[in-house]
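Q: Return a 3D structure for these sequence lines:
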Amino acid sequence: MEAELQKRNRGNAASLQLVDEDVDLCALKNEYFAFKGLQITCVYNGRDGLAHALGSSCDLVILDGMLLILDGFEVLHQLRQRYNIPVVMLKARAGARPHRRAGVRRRWLHP
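A: Now for the predicted structure:
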């Protein structure tokens, strides 16, 4: 994924937006992506995540499905109506399938 984002940005550091209410997990992911040479912005609720994604030029949004204020599936739905940006959806449970209705093509399970 890193190589694809770097290629898309013509060698410049790719910009990621992580939307997750878990501050400690965001910090850990931030360290990982920074180590890979990617710029990351952490946002901690769905409403702010949507506003930031629409108002910035990030290359990828990593979006938790279960967020405060506005859930991740609603954020994804509103993003898709206004903006064509790649989104990776994070899910805590493997069994639930609301991601199919939301138009999620790829998802990662996270702790």
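Q: What ranges does the protein have for its strands?
A: Using DSSP state E, the strands of the chain run over 15-19, 39-43, 60-64, 87-91, 107-109.
Q: Quick one: list the elements packing against the first one.
A: This means strand 15-19. Under the contact definition 3 or more Cβ pairs under 8 Å, 6 or more residues apart in numbering; DSSP states H and E, strand 15-19 sits against helix 23-35, strand 39-43, helix 46-55, strand 60-64. C-betas here are computed from N, CA, C, even on glycine.
Q: Go through those and name the closest to residue 82.
A: In terms of Cβ to Cβ, the element of these nearest to residue 82 is helix 46-55, at 6.2 Å.
Q: out of the helices and strands packed on strand 15-19, deepest packed?
A: Compared across these, strand 60-64 shows the largest average neighbour count, a mean of 24 (mean count of other Cβ atoms under 10 Å).
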